[in-house]
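Engineer: Here you go, sequence then predicted model.
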Amino acid sequence: MITTYKVFVPSVIGSGSSLRTGLELKQLNIKKVLVVYDEGMKKVGISDKILNNLEAAGIEYIVFDKVIPDPPDTTVEEGAKIARESEIEGIVAIGGGSSMDTAKGINVLINNKPPISKYLGVQEGLKDGVPIIAIPTTSGTGSETTNMAVISLTKLNKKDSVVSPVCIPKLAILDPELTLGLPPNMTAATGIDALAHAVESLTGAHSNPLSDALSRESIRLIHKWLPVAYEDGSNLEAREFMMYASNYAGMAFTNALVHVGHSIGHTLGANFHIPHGIACALVLPEVMEYASKTEYKKVAMVCEALGHEIKENATPEEIGQGAKKVLRNFIKSLDIPNIKELDIKLEDLLKVAPAVTQDSGIALAPYRITTKQVTEMLKSAYNA
Ligand SMILES: [Fe+2]
């Protein structure tokens, strides 16, 4: 087997590491940056802390604090205009996936003409931008280590991705102290997104030995530490291990990509406006049951990493059923609602099954999946 390892982002991880931002920029010889975040970062004092740190290090900065959820192309283009006019030498992105995606989109447009909608999908020949320093404040998206920016296209009323080396951060700074204030529901929703990255990367068509190792360790850490962080958000040890878990899962899915769970998640998210992590978790147990038909050895690894022992002579069906049960129990233990509890009617839910099979991620599924199979999975998960 020939294996290719792709993207890895140098990272500084640990409590208080965000206070090294100025120093890290100096070492990269960057003197002027655009700092990208949303209003929430200001309210909780995180952005001010980092701006003060930049100031102390003598780094000149321009603030772009207009990030909103599901970042629209218009925001990206506005930020890029400021970035070009100010001749910045770097971008510091502070926040969750939306801040990272906005910063990445801005970087694409620094040396490539707008609109951003010209650069959707995998882009090979884009002109480089400036170094991005990613400082995540949630443990879930893994965006600090990926080559992808998800952008909402306002005129087309849909989301799509720019996939390019220009989107890869130069450095990630993972400071668990920045996640201490994340409320329990968001801790669970973002943590379960990382779990979906890990289990899908492990069982998808592009997995490789390194992404497998990252996925397994990520699942193990999430199983151990997400319930602790959910119950007690002030537990710094749990927050730190969740940052590692999210980062490992991000590296795994940058190398191996995700499949059916995220195709369902994207479709449900777009149709019923459900937060990304929750949308990806809703049918994940059924996705593992489906995957076990061919990928039973990998699904058994998922079970083991979740603390569920598999009998030596277990059949693929038994492994699939075991994975479905253990995943659902874990998701439920974090009070993540099922589809019915989200007030979605079954008839409306089943209408989106054809759209799931048209999602680009389906190409990475362990084996071909039909609309009928997706319909069965949605029915099984509806009130589970
Ligand atoms: Fe995700």
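Structural biologist: All right, it came through fine. Everything quoted here is computed from the prediction, not taken from an experiment.
Engineer: C-alpha from now on. contacts and neighbour counts both.
Structural biologist: Fine.
Engineer: what sits against Thr141?
Structural biologist: When contacts are counted by CA atoms under 8 Å, 6 or more residues apart in numbering, Thr141 touches Gly96, Gly97, Thr190, Asp193, Ala194, Ser246, Gly250.
Engineer: where's it relative to Ala252, distance?
Structural biologist: Using CA to CA, to the nearest Å, one gets 12 Å for the distance from Thr141 to Ala252.
Engineer: Same check on Thr190?
Structural biologist: For Thr190, the distance to Ala252 - CA to CA - is 16 Å.
Engineer: Pop the domain breakdown of this structure in here.
Structural biologist: 11-179, 184-382 (automatic domain parsing).
Engineer: Can you tell me which of those is nearest to Met1?
Structural biologist: For Met1, the closest of the domains of the chain is domain 184-382, at 9.4 Å, according to CA to CA.
Engineer: distance between the ends of that closest one?
Structural biologist: 23 Å.
Engineer: that older thread, please say which of Thr190 and Ala252 ends up with more neighbours.
Structural biologist: Ala252 (36 against 26; other CA atoms under 10 Å).
Engineer: from the contacts of Thr141, which is closest to Ala149?
Structural biologist: Of the contacts of Thr141, the one sitting nearest to Ala149 (CA to CA) turns out to be Gly97, at 8.8 Å.
Engineer: quick check, distance from the lowest-mean-pLDDT helix or strand in the chain to the centre of its chain.
Structural biologist: When the helices and strands of the chain are scored by mean pLDDT, DSSP states H and E, strand 158-163 comes last with a mean of 84. Relative to its chain's centre, strand 158-163 lies at 14 Å (CA atoms, centre = their mean, to the nearest Å).
Engineer: Tell me the helix or strand right after it.
Structural biologist: Downstream of strand 158-163, the first helix or strand assigned by DSSP states H and E is strand 171-174.
Engineer: In terms of helices and strands, where is the residue nearest to Gly129 when sequence neighbours are not counted?
Structural biologist: In space, and not counting its chain neighbours, Gly129 is closest to Asn107: 5.1 Å by CA to CA, 6 or more residues apart in numbering. Taking DSSP H and E as the definition, Asn107 sits inside helix 97-110.
Engineer: tell me which residues of that helix are tucked away?
Structural biologist: 97-110 (16 or more other CA atoms under 10 Å).
Engineer: Can you tell me which of the residues you listed is nearest Gly322?
Structural biologist: Gly97 (31.8 Å).
Engineer: ok, that closest one - contacts?
Structural biologist: So Gly97 contacts Pro136, Thr141, Ser143 (CA under 8 Å, 6+ apart).
Engineer: Can you flag which of those belong to strands?
Structural biologist: Among the contacts of Gly97, the members falling in strands (DSSP state E) are Pro136.
Engineer: Which of the contacts of Gly97 sits closest to Leu126?
Structural biologist: Ser143 (19.7 Å).
Engineer: Please report how far the closest one lies from Gly277.
Structural biologist: Taking CA to CA, one finds Ser143 at 13 Å from Gly277.
Engineer: Counting neighbours, go ahead and name the busier of the two.
Structural biologist: Between Ser143 and Gly277, Ser143 has the larger neighbour count (other CA under 10 Å), namely 30 against 26.
Engineer: how close does that one get to Ala134?
Structural biologist: From Ser143 to Ala134 the distance is 8 Å (CA to CA).
Engineer: Just confirm Ile133 is within a helix.
Structural biologist: No: judged by DSSP: H, G, I helix; E, B strand; the rest coil, Ile133 forms no part of a helix; its state is strand.
Engineer: please renumber so the chain begins at 4
Structural biologist: Done: numbering now begins at 4, and the last item shifts to Ile136.
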